[in-house]
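Engineer: Pasting the sequence and the predicted model now:
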Amino acid sequence: MKTFKILAGLSLAILIMAFVPKSIKEIGKSNGYQIGDVVTTFKLKNVDGKMVSLDDYASKKGVIVVFTCNSCPFAKAYESRIMDLDKKYAAKGVPVLAINPNNPKVKPEDSFENMQERAKTMNYTFPYLLDEKQTVYPQFGATKTPHVFLLQNTKEGSVVKYIGAIDDNAFDATQVETKFLENAVDAMLSGKAITTETTKAIGCTIKV
Amino acid sequence: MIKKIRSITFLMLLTLGAFSCDSKPEHKEKDNKTASEITETKPEESTDLPKLINSGDKEIRVMNFSELQKEVLSVNDDKTYVINFWATWCGPCVKELPHFEELNAKYAVDNVEVILVSLDFPNKVETQLLPFLAKKDIQSKVVFLNDTHMNEWIPKVSKDWSGAIPATLIYNKDKRAFYEQSFTFLELEETVKNYF
């Protein structure tokens, strides 16, 4: 009888704990996708008012997901380089998908209307989505703008191949020595191993 | 009966303990190496700025990362150093700056020194950083980090730093911790008190 109760208690504890770690993980800060993880699809509103889903890219070779915004000086410094990336790689089957993760209530400059304005003025050739409920950026584990995730479409789904910075010089595009992201995309497209899979760069905290 | 309940509770606690250890956020290492581990450290070159900038009655040192690491991030004396990475363009940084100023003034007697490491754009030092420091009458020591190779130096500050700011490193000769977060004055005070 005693043994039974102990066992019952134990299994109850195990049952409870089986659920708890997951919820702890979900709120944990350092979480998010790692290299090799399969991405869960999402659907967000684009500046043209239409919804865009990651599923829309299933026929592509991959996607360059860029968390960026209107307001951050680093995002601004990279804007033309992000536009160039889409021009260069959309044709090769790896288009850019930009997502603004910021809460416009905290950062009015990043409002949907201002996003529309910016996309129009600059003639963005890629969607610029608003993470309105701020559920997508934590899923990725994005912490700042700009923050890039290169995805490759495989039989298993959309797999994370590279996380981090676009290149090694935010201040001056002409002084770039290593184009981290382009190197990763080129390696991915030619079926080679990506030598640098994660990089770090300074960026603006995502505004919640 | 009480004894039984006790043993069950004990076992449950034990189980809980075992699981909660597992559930600590772990960094999945896998095989991916970070670039900093692969690329060799290049000579740190910087955009042309003098090594010392005079701003009114204050002087601002301009450092590359190896200078910062040696002179700011690893001083081995009796002080507790609070190193705040910030920039004038960073809203949350500017917001918490008064707390660091207050800490620096209030705890100087306890050997606490705040050093503000500016990550402003090099071409904005004259037009933004200096006027800001003058306007806010910043009293803490300010250093301008002029080093574009972020992917190399960010992991050297802390392997846990994603690169988002504000971020703060607090250390003395016995203890060292990194905080990628914003602080209220109370939080800052409580945190620093753990160092002495």
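Structural biologist: Cool, the structure landed.
Engineer: Need the per-residue pLDDT for the residue most central in space within chain B.
Structural biologist: Central residue check for chain B by CA atoms, centre = their mean: the C-alpha nearest the mean position is that of B:T168, 2.3 Å away. Listed pLDDT for B:T168 reads 98.
Engineer: which SS class is it?
Structural biologist: At B:T168 the chain is in strand, as set by DSSP: H, G, I helix; E, B strand; the rest coil.
Engineer: residues contacting it?
Structural biologist: Counting by CB atoms under 8 Å, 6 or more residues apart in numbering or on different chains, B:T168 makes contact with B:82-85, B:178-179, B:181, B:183. The way it works is simple: take the backbone N, C-alpha and C, and place the C-beta from them, glycine included.
Engineer: got any ranges where chain B has weak pLDDT?
Structural biologist: Applying pLDDT under 70 to chain B picks out residues B:1-47.
Engineer: those strands in it, which residues are they?
Structural biologist: With DSSP state E as the criterion, chain B has strands at B:52-55, B:58-63, B:80-86, B:112-118, B:141-145, B:164-165, B:167-171, B:176-179.
Engineer: Looking at those strands, which is nearest to A:N46?
Structural biologist: Within the strands of chain B, the stretch nearest A:N46 is strand B:164-165; the backing value is 25.7 Å (CB to CB).
Engineer: what about burial for the contacts of B:T168, which qualify?
Structural biologist: Judged by neighbour count, with 16 or more other CB atoms under 10 Å in any protein chain shown as the criterion, the buried members of the contacts of B:T168 are B:82-85, B:178-179, B:183.
Engineer: Closest to chain A out of the residues you listed?
Structural biologist: Proximity to chain A was ranked across the buried ones among the contacts of B:T168 by CB to the nearest CB; first place goes to B:F85, at 8.2 Å.
Engineer: Return the residues in contact with the residue lying closest to the closest one once chain neighbours are set aside.
Structural biologist: Nearest residue to B:F85 in three dimensions, chain neighbours excluded: B:A167, at 4.6 Å (CB to CB, 6 or more residues apart in numbering or on different chains). Contacts for B:A167 (CB under 8 Å, 6+ apart) come out as B:84-85, B:157-158, B:161, B:178-181.
Engineer: Of those, just say which sits nearest to A:M51.
Structural biologist: Set against A:M51, the nearest of those by CB to CB is B:E180 (32.7 Å).
Engineer: outside of stretch B:103-120, which residues touch it?
Structural biologist: With CB under 8 Å, 6+ apart, stretch B:103-120 has contacts from A:202, B:60, B:68, B:72, B:78-90, B:97, B:100-101, B:125, B:128-129, B:138-145, B:165, B:185, B:188-189, B:192, B:195-196.
Engineer: ok, now with 6 Å
Structural biologist: The set of residues external to stretch B:103-120 that reach it, using CB atoms under 6 Å, 6 or more residues apart in numbering or on different chains, is A:202, B:72, B:78-88, B:100, B:129, B:140-145, B:188.
Engineer: Just give the number of residues close to residue 101.
Structural biologist: No chain in the question, so chain A it is. Neighbouring residues of A:P101 were enumerated by other CB atoms under 10 Å in any protein chain shown; the total is 25.
Engineer: Sorry, I should have been clearer: chain B.
Structural biologist: When neighbours are defined as other CB under 10 Å, B:E101 has 18 of them.
Engineer: give me every residue that touches it.
Structural biologist: Under the criterion of CB under 6 Å, 6+ apart, the contact list for B:E101 reads B:139-140.
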